[in-house]
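Undergrad: Here you go, sequence then predicted model.
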Amino acid sequence: MLKKSLKYVIIGDGHAGNSAAETLRKGNPGSEIVIISSKPTHYFDHSLLATFLLDKKDITSLYVYPYTWYKENNIRLRLNQTITKVIPDKHELILAHNERVYYDRLLIASGAKPKLPESLSRYKNLLTVFTDAVDAMKLRERLGTFKHVTMVGGDCIGLHLAGAMLKLGKSVTFVLNEYNFWPLEFDETVKSKLIGCLKKKHIEVVADDMTTEIVRDGTGLNVMTKNGKIIKTDLAFLTSGMVPNIDFLDGSGIDVQTGILVDEYMHTSAQDIWAAGECATVYYPELKDYRQTTGEINAKALGNISARNMLDEKKVVSLAEPGKITIEGEDFITYGWKGFSIDI
Amino acid sequence: MTFKRSLTIEICGSSGDRSLAAGEILIRTLSDIGYHVISFDAYPAEIRGFGKTVAHMRVGREFMLSLSSKVDILVSLNDRYAIEQLKNLNDEGVVIFDNRPRDITYEVLQQNEDETDKHHLGPGVYKDEEGWKEITSEQVSIAGHLGPGMYLYGVPLYQLSQKTTNESRSRNIVVLGSVAALFNIPKNEFINNLTAKLGKKDKSVDSVVAAFEEGYNYVRENVVKLDPYNFERLSVDRKGYKLMDGNKAVAQGAIDAGCKLYAGYPITPATKIMEVLFAELPKRGGVVVQTEDEISAIGHVTGAGFAGVRAMTATSGPGFCLMTEFIGYNVMSENPVVIVDSQRGGPATGLPTKTEQSDLNHALFGGNGDTPRIVVAPTSVKECYQWTAEAFYLAEKYQMPVIILIDLFLSLSVRNVELDPLPDYKKGSNKVPSQEDMKLYLRQKMTDDGVSPRALPGQENGYQVVSGLEQNEYGTPVYDEYSHTAMTQKRFRKIQTALDNDVPLPERIGHKGRVKLGVISWGSTAGAVADAVDSVLKEGKSVAMLKLIVINPLKEKEIQTFLDDCEKVLVPELNYQGQFANWLAIHFQKKFFRYNKVATRPITHDEIEAEINRLLKE
Ligand SMILES: Cc1cc2nc3c(=O)[nH]c(=O)nc-3n(C[C@H](O)[C@H](O)[C@H](O)COP(=O)(O)OP(=O)(O)OC[C@H]3O[C@@H](n4cnc5c(N)ncnc54)[C@H](O)[C@@H]3O)c2cc1C
């Protein structure tokens, strides 16, 4: 029988972490539940980030729950605290401020971070990221300072952001390389349809090319491509897809590939540790293969399944329904995103 | 500052973390940029000085007289202690902590003899009287103890302190830099106050300023501010304002009133009065005597009073008890003395570092026989100044003891105040004998107002006998019914004269005319009442307050009018018996709703507000 006094620790205050916490609380009302997040903000809805740029709403308008929800559900929330190490043998986490936190059962739901192509690592400081509520807050403060933006690479975050930029009267350029438009179902037909739609929206698309260099030019930037194009721009966004956020697992002995490898029960290779959401590479029995997951729908579903397994149920993971992204009235399929329209 | 009337800040550390010094610099700076401040620090109870130390300050745009129960910003220099303070933090409060503290090693230790020492230790296994106990790292790190609506900001205080000053003790300065950056407090004022506090102009000052800058820059570069609190500079001129606590104000009042002798024996919380006077009185031709005990102290003051010199002693409950015999002596011999009693928790040695208002009975009634005396209780730091000066005037004019009742909270809480200069007439109030009087000098001459002309020793023909015995007009000891009755009446007549001529009308605040609820208060609690009444008045409630500073004699007619105006009357005070409510009940026929606490801390405005609202609903 499941012990009532179990201490569940969840790394990550996103869709996966919160969905798991809710399931755990329902399934084991007497247990201790702790969510730890390196972000200072609360659990927020990423799909609102673009429209957040358009108005003057408070950051709390992005939050999914009021903080009182955590009180009511007796979930301890530890924001703005980063895990630097996991020690499975001791059932211990080490935090950046030297604290050691014990767990009985651990869920890693640490999400993903923007992928920085090796060739661009030198230009990290010149690239702007748009992945969370703080990025959106900072960008909103700067809206008056730029007119043209360049999306370095093609991903759905870039598309999402482009919708808001257009609405704000900014001009947008995409520099696409051979990378897929993460996480769209992508092939040549989709690609040409997508480029056509973007052009209809007066977005400049530099296709089949790639960014090789970024240099400062006065207050702006010059983005240079492999084919010799120089794009004069005010801001360059890093939109080359996302990679699992799992650096803190180095040396932990937990098996990882792109993300944390989990079986069909969302269990990792280490005892009492599960993983869910964008940080996990999941074994889907339907595919008889592993797949990297992304998107709100996936994260919530996987968080829930992990939690049920942490409650000693035996729940097998299944593929989520695909979502769609709409551009100029055309739909594009994604495998995990809830979907959005850039026709705002 | 966004939003509310005030914000409360705490800097919590272990003694040695220098949190009080940081607090002092912070309130000075906030005062300089236009805010009203009230600080009230908490020290470890032990004289040895181990344990928790909290610099506590309320900062507001508007004038305030009391503390709040809740804290908005908590700065932790010692997580273990600061965790205990979290229970007072608002649900949306801010915590600043050291996010790269010294490496904590897991220790296995026998607990030290000193209980409080365990607070210096990190996680580990300890042995105390109950056996071995484990203290985990989670238990002693504040980061895991916050409520879900609170904001946590980490700054590597230890690392930045080491980097700039080669020691960890400057964490308090690093954190001030962070506080400045986080809440947009102008940096220059901070640095000015910092260097003024350090005093010396040498390399160590530069490194401390560097520590401040590191804390400031770290926040600017790394911290995402999400809380709504800011202290931008206010456009008000507070140049004439001085930061002082009640003790300093008492000492300043004494100096400005022309006190020339102070005698006292050190006692918490009154000691600082003596310390200030030690530094200041000799420069002005005065004398300070640290006596062997409180009996000797009041003896000195009695002698000086007899010699025609304005003189004062200050003490706390236990010392005040020892002075009781001399109170009677000065009543009988009609001699001016000023006694300050800064009340602390009692009875006996009681709670030396905790505030209370429980010496009122003793101040009003202490002593044998019928012993009239004037008792005044200032309600704010500014009034500590005014009423100390006033006490000298009254003691000299009415030739009797005047007791100034303050308390630990008033004594130690620092505020920014603007002191009004004293009117000249207050500086000499002795009833000087006329030439006629000196033809046949009667020290205890019967007069209509009860006050006899007082010749000073050495004055020609002013020869007099002074003792604690009952006397006739010559001062000669007598024991007959006629003389004792006449002299007792004379002594009480002086009280009536003082009441008619020198006791100001009690101040009424709030609605005029009939009200649902009236609050009468005294001493430092009156500050909390004034703040609470101000709040409920803004909500349109039918409330008024009567503030009494002179507790004896009472302005009965005016108090009666107020009582008649009130459907209900609340009397809040910091003692168990309701000593002030009892005093009022002797004089007035009215039901008094009491709100008594012996909470070891001042009553706060929000507690009183809650009580007012409860009584209004009942
Ligand atoms: C701009 C933008 C728009 C998007 N729009 C959509 C959309 O419209 N529809 C859709 O379905 N999806 C959208 N997504 C994707 C979706 O938001 C993510 O797939 C989803 O949030 C993943 O959830 P998660 O719980 O796995 O991770 P996250 O939500 O990213 O949460 C990760 C958590 O882990 C914490 N963490 C990470 N490392 C540490 C550490 N070392 N220590 C402590 N805590 C740590 C983080 O602080 C965070 O709380 C969007 C994403 C972005 C960036």
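TA: That came through, no problem. Numbers count the residues shown, from 1 in each chain, chains lettered A, B, ... in the order given.
Undergrad: Show the low-confidence segments of the chain, by residue range.
TA: Unless you meant another one, I'm taking chain A. Scanning chain A for pLDDT under 70 picks out A:1, A:178-180, A:344.
Undergrad: that's the wrong chain, I wanted chain B
TA: In chain B, residues with pLDDT under 70: B:1-4, B:45-50, B:103-122, B:126-129, B:200-203, B:425.
Undergrad: Break it down into its domains, please.
TA: B:6-104+B:141-222, B:242-427, B:435-502, B:507-617 (automatic domain parsing).
Undergrad: Nearest approach to A:Glu313 belongs to which of the ones you listed?
TA: With distances scored as Cβ to Cβ, the stretch of the domains of chain B nearest to A:Glu313 is domain B:6-104+B:141-222 (27.3 Å). (Glycine included, C-beta is placed from N, CA and C.)
Undergrad: is the ligand contacted by that closest one?
TA: No: on the criterion Cβ under 6 Å from any ligand atom, domain B:6-104+B:141-222 is out of touch with the ligand, staying 11.6 Å away.
Undergrad: Within the helices and strands, which one has B:Gln386?
TA: Element membership of B:Gln386 [criterion: DSSP states H and E] is helix B:381-398.
Undergrad: CA atoms only for that helix - export them in CSV, please.
TA: Provided in CSV are the C-alpha atoms of helix B:381-398 (Å, rounded to 0.1, in the frame of the first residue of the first chain):
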residue,chain,number,x,y,z
VAL,B,381,9.2,60.4,20.5
LYS,B,382,8.4,64.0,19.8
GLU,B,383,6.3,64.1,23.0
CYS,B,384,9.1,62.5,24.9
TYR,B,385,11.1,65.6,24.1
GLN,B,386,8.3,68.1,24.9
TRP,B,387,7.1,66.4,28.0
THR,B,388,10.5,65.9,29.6
ALA,B,389,11.0,69.6,29.3
GLU,B,390,7.5,70.2,30.6
ALA,B,391,8.1,67.9,33.6
PHE,B,392,11.0,70.1,34.7
TYR,B,393,8.7,73.1,34.5
LEU,B,394,6.0,71.4,36.5
ALA,B,395,8.2,69.9,39.1
GLU,B,396,9.9,73.2,39.8
LYS,B,397,6.6,75.2,39.7
TYR,B,398,4.6,72.8,41.9
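Undergrad: Longest helix in chain B, by number of residues?
TA: The helix that spans the most residues within chain B, counting by DSSP state H, is helix B:481-502.
Undergrad: Return the list of helices and strands in contact with it.
TA: helix B:381-398 (3 or more Cβ pairs under 8 Å, 6 or more residues apart in numbering or on different chains; DSSP states H and E).
Undergrad: what is the orientation angle of the helix holding B:Gln386 with helix B:481-502?
TA: 140 degrees (axes from the mean of the first three to the mean of the last three Cα atoms, to 10 degrees).
Undergrad: helices or strands up against helix B:381-398?
TA: Judged by 3+ Cβ pairs under 8 Å, 6+ apart, helix B:381-398 is in contact with helix B:246-256, strand B:311-315, strand B:337-345, strand B:374-376, strand B:401-407, strand B:414-417, helix B:481-502.
Undergrad: domain ranges for chain A?
TA: According to automatic domain parsing, the domains of chain A span A:7-111+A:245-310, A:115-242+A:323-341.
Undergrad: how distant is the longest one from the center of its chain?
TA: I take that to be domain A:7-111+A:245-310. The gap between where domain A:7-111+A:245-310 is centred and where its chain is centred comes out at 12 Å by Cα atoms, centre = their mean, to the nearest Å.
Undergrad: List the residues that contact B:His511.
TA: B:His511 is in contact with B:Leu537, B:Ser542, B:Val543, B:Ala544, counting by Cβ atoms under 8 Å, 6 or more residues apart in numbering or on different chains.
Undergrad: ignore the last one, A:Glu264
TA: A:Val282, A:Tyr283, A:Tyr284, A:Pro285, A:Val316, A:Val317.
Undergrad: Name the nearest of those residues relative to the ligand.
TA: A:Val282 (11.4 Å; Cβ to the nearest ligand atom).
Undergrad: Quick check: the closest one touching A:Val317?
TA: Yes: checked against Cβ atoms under 8 Å, the pair A:Val282 and A:Val317 is within contact range at 5.8 Å.
Undergrad: Any chance you could list residues touching both of those two?
TA: By Cβ under 8 Å, 6+ apart, the residues touching both A:Val282 and A:Val317 are A:Glu264, A:Met266, A:Leu302.
Undergrad: mind checking how far the first one is from A:Asn309?
TA: Separation of A:Glu264 from A:Asn309 (Cβ to Cβ, to the nearest Å) stands at 10 Å.
Undergrad: ok, now the last one?
TA: In this structure, A:Leu302 and A:Asn309 are separated by 11 Å, where distance is defined by Cβ to Cβ.
Undergrad: Looking at the two, which is more packed in?
TA: Ranked by neighbour count (other Cβ atoms under 10 Å in any protein chain shown), A:Leu302 and A:Asn309 place A:Leu302 first, with 30 against 24.
Undergrad: Surely the more buried one is within a helix?
TA: Yes: judged by DSSP: H, G, I helix; E, B strand; the rest coil, A:Leu302 forms part of a helix.
Undergrad: just to revisit the earlier point, okay if I get the helices and strands packed on helix B:381-398 as JSON lines plus distance to B:Ala304?
TA: Formatted as JSON lines, those follow (distance: least, Cβ to Cβ, whole Å):
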{"stretch": "helix B:246-256", "distance to B:Ala304": "12"}
{"stretch": "strand B:311-315", "distance to B:Ala304": "4"}
{"stretch": "strand B:337-345", "distance to B:Ala304": "9"}
{"stretch": "strand B:374-376", "distance to B:Ala304": "19"}
{"stretch": "strand B:401-407", "distance to B:Ala304": "13"}
{"stretch": "strand B:414-417", "distance to B:Ala304": "29"}
{"stretch": "helix B:481-502", "distance to B:Ala304": "21"}
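Undergrad: Just give the number of residues close to B:Lys87.
TA: Neighbours of B:Lys87 (other Cβ under 10 Å): 8.
Undergrad: what does B:Ala21 give?
TA: For B:Ala21, the count of nearby residues is 17 (other Cβ under 10 Å).
Undergrad: Ok, B:Gly468 next?
TA: B:Gly468 has 15 nearby residues by other Cβ under 10 Å.
Undergrad: can you tell me how far the closest residue to it other than its chain neighbours sits from chain A?
TA: In space, and not counting its chain neighbours, B:Gly468 is closest to B:Tyr329: 4.6 Å by Cβ to Cβ, 6 or more residues apart in numbering or on different chains. To chain A, B:Tyr329 is 62 Å away according to Cβ to the nearest Cβ, to the nearest Å.
Undergrad: Please list all residues in contact with B:Tyr329.
TA: Going by Cβ under 8 Å, 6+ apart, B:Tyr329 touches B:Thr302, B:Asn335, B:Gly468.
Undergrad: how far away is B:Ala210 from B:Thr164?
TA: From B:Ala210 over to B:Thr164 the distance is 4 Å, taken as Cβ to Cβ.
Undergrad: Pick out whichever of those two has more residues nearby.
TA: B:Thr164 (21 against 18).
Undergrad: Show me what the helix or strand harbouring that one packs onto, helices and strands only.
TA: Assigned by DSSP H and E, B:Thr164 belongs to helix B:157-165. Judged by 3+ Cβ pairs under 8 Å, 6+ apart, helix B:157-165 is in contact with helix B:171-182, helix B:203-222.
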